[in-house]
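Novice: got a predicted structure here, sequence first:
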Amino acid sequence: MAWNSASFGSILAMIVAVLFAVAGAVNLAGPGAVKRDFARWGYPAWFRLLCGALELLSAALLFGQQTRVLGLTLAGAIMVAALFTLLRNREPFGHLAPALIFSTLVVVTAVLRG
């Protein structure tokens, strides 16, 4: 099988989908640290559940070839909101780094799709 940007983009989309599925499951499960973070950021308790559901929806959309653009769009919007929250609350780099990595993966996947 010859490797090209389309096949690499598909593999990368699956990786991003798995990452968003895990993040969504963590937000929905809401371990103590996650609940504390959302509260510290000033969000109501239901917002964590909304974020988790949107992350899972994004993951599901990313798995489908026909819905991948929608999944990338939703994932991008989620990451913009996450980065805004982290920067607004002056979170340390340790909190910011995973969001930057997720954002970069979303952008690279979208570019390869293009």
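Specialist: On my side now, so go ahead. Numbers count the residues shown, from 1 in each chain.
Novice: give me the distance between Phe84 and Gln66.
Specialist: Per Cβ to Cβ, to the nearest Å, Phe84 is found 30 Å from Gln66. C-beta: built from backbone N, CA, C; applies to glycine.
Novice: more crowded one of the two?
Specialist: Neighbours per residue (other Cβ atoms under 10 Å) separate Phe84 from Gln66, with Phe84 holding more: 11 against 7.
Novice: by contact count, what packs against the helix or strand harbouring the more buried one?
Specialist: Phe84 belongs to helix 68-88 when elements are defined using DSSP states H and E. The contact analysis (3 or more Cβ pairs under 8 Å, 6 or more residues apart in numbering; DSSP states H and E) places helix 68-88 against helix 5-29, helix 45-63, helix 93-113.
Novice: give me the contact list for that helix.
Specialist: Residues outside helix 68-88 that contact it (Cβ atoms under 8 Å, 6 or more residues apart in numbering): 13, 16-17, 20, 41, 51, 54-55, 57-64, 95-96, 99-100, 102-103, 106-107, 109-110, 113.
Novice: 7 Å instead?
Specialist: Helix 68-88 has contacts (Cβ atoms under 7 Å, 6 or more residues apart in numbering) with 13, 16, 20, 41, 54-55, 57-58, 61-62, 95-96, 99, 102-103, 106, 109-110, 113.
Novice: can you check stretch 21-37 too?
Specialist: If you take Cβ under 7 Å, 6+ apart as the criterion, stretch 21-37 is touched by Arg48, Leu49, Cys51, Gly52, Ala53, Glu55, Leu56, Ala59.
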